[in-house]
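Participant: sequence first, then the predicted structure:
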Amino acid sequence: MKNLASPDGSGLPRSDVQLGQLLLHVGKLSERDIEAIAEKQREDGLRFGEAALSLGLIGEDDLRHALARQFAHPCLPDSDTSVDADLIAAFCPPGPEGEALRDLRSVLMLRWFGGHRRLLALASGLPGEGCGRLAANLAVVFSQLGERTLLIDANLREPELHRLFKLRGDPGLSGVLAGRHSPEKAIRGIPALGDLSVLPAGAPPPNPQELLSRGAFIRLLDEAAERYDIVLLNTSPALRSADAQIVATRAAGCVIVVRRHSTRLGDAVAVKDQLSGAGVEVLGVVLTS
């Protein structure tokens, strides 16, 4: 790109050239803008992004999105509407919530996924405690790490992950377990988020517990563990049915999700006792707000 040079003839650093090319490609900057940015850098000793911001040529959202692409870190601009706003990790938010998700990812990588394990369930006691939302956001941050990630909505009673990713609800897991669809047809890749794929719950069946108890579910998880680095399973509320216990037993490990100022301590203990009694390793409790 011949015009990516500062007015005095010195070339921009390679990283600045790449960043400028990205912003030029998406129509956020013109070649004349880039020349002005180079001049501003030379005068004030600023980084490329700082100079562009100080000149008012791009916004913070434009810069964050371009940097994410430059460092192969899938990230959507704040204006993107292809996924639900509750999928906050997709927008790479700065601040406590984004850091908390990345911290949880790091803990799970060290304590669970660091060896041969690939499957992990997430369970809450009652509806409305944020289990599905956490599962979806956690799947996104794992995919941003470059891990081949599959998110399965095994909440066949009140599915929600298709809404978060704005996918058709069917075909999905229920159809796969009933033998109506192949996994290949039901699993959807999320191209904007790199290595992430989602298997929605599918049409709500009249017999969710029986479907999850079938050998087809075990075979599906075995195949997923061979194909993906990370497989996260969202479950139905554990105190409303035995579905979560069945799913978590198949995964062997589980994280319990509770909501601040909402979940009762006794309910959280009951979920832990239920899962531990079934031989599931409970890795810990995550507090949502």
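Facilitator: Structure's in. What do you need?
Participant: domains for the chain, by residue range?
Facilitator: 14-70, 88-288 (automatic domain parsing).
Participant: mind checking the pLDDT average for the shortest one?
Facilitator: This means domain 14-70. Regarding domain 14-70, the rounded mean pLDDT is 81.
Participant: re the thing from before, identify whichever of the domains of the chain lies nearest to Leu76.
Facilitator: Proximity to Leu76 (CB to CB) singles out domain 88-288 among these, at 5.0 Å. No exception for glycine: its C-beta is placed from N, CA and C like everyone else's.
Participant: quick one: end-to-end length of the closest one, please.
Facilitator: Taking CA to CA, to the nearest Å, domain 88-288 runs 13 Å from one end to the other.
Participant: use 415 as the first number for this chain going forward.
Facilitator: I'll keep to 415 as the first residue from here, and by that count the last item is domain 502-702.
Participant: Asp584 and Leu613 touch, don't they?
Facilitator: No. At 11.5 Å, Asp584 does not count as touching Leu613 under the criterion of CB atoms under 8 Å.
Participant: now do the host helix or strand of Asp687: distance to the chain's middle.
Facilitator: Using DSSP states H and E, Asp687 falls within helix 679-691. Chain-centre distance of helix 679-691: 26 Å, with CA atoms, centre = their mean, to the nearest Å.
Participant: what's that helix packed up against?
Facilitator: Packed against helix 679-691 by the contact rule (3 or more CB pairs under 8 Å, 6 or more residues apart in numbering; DSSP states H and E) you find strand 533-538, helix 657-665, strand 667-673, strand 695-702.
Participant: contacts for the first one, please.
Facilitator: Applying CB atoms under 8 Å, 6 or more residues apart in numbering, the set of residues contacting strand 533-538 from outside is 522, 526-527, 544-545, 548-549, 552, 568, 635, 638-639, 644-649, 651-652, 658, 661-662, 664-673, 677, 685, 689, 694, 697.
Participant: which among those count as buried?
Facilitator: 522, 526-527, 544-545, 548-549, 552, 568, 635, 638-639, 644-649, 651-652, 658, 661-662, 664-665, 667-673, 677, 685, 689, 694, 697 (16 or more other CB atoms under 10 Å).
Participant: hmm, back to that, please identify the most buried of the domains of the chain.
Facilitator: Of all the domains of the chain, domain 502-702 has the most neighbours on average by mean count of other CB atoms under 10 Å, namely a mean of 19.
Participant: per-residue confidence averaged over it?
Facilitator: Across domain 502-702, the per-residue pLDDT values average to 95.
Participant: same deal with stretch 490-498?
Facilitator: 87.
Participant: list the buried residues for that stretch?
Facilitator: Here stretch 490-498 shows Leu490, Val497, Asp498 as buried, counting by 16+ other CB under 10 Å.
Participant: can you tell me which of those residues is nearest Asn621?
Facilitator: Asp498 (28.9 Å).
Participant: picking that back up, need the helices and strands packed on helix 679-691 in CSV (columns: distance to Ala600).
Facilitator: Shown next, in CSV, are the helices and strands packed on helix 679-691 (distance: least, CB to CB, whole Å):
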stretch, distance to Ala600
strand 533-538, 18
helix 657-665, 17
strand 667-673, 23
strand 695-702, 28
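Participant: Ser588 is nearest to which of the ones you listed?
Facilitator: Of all the helices and strands packed on helix 679-691, helix 657-665 comes closest under CB to CB, at 11.9 Å.
Participant: the closest one packs against which elements?
Facilitator: Using 3+ CB pairs under 8 Å, 6+ apart as the contact test, the elements touching helix 657-665 are strand 533-538, helix 622-626, helix 629-641, strand 644-648, helix 679-691.
Participant: the helix of greatest length in the chain - contacts with which helices or strands?
Facilitator: Counting by DSSP state H, the longest helix found in the chain is helix 510-525. Counting contacts by 3+ CB pairs under 8 Å, 6+ apart, helix 510-525 is packed against helix 545-558, strand 695-702.
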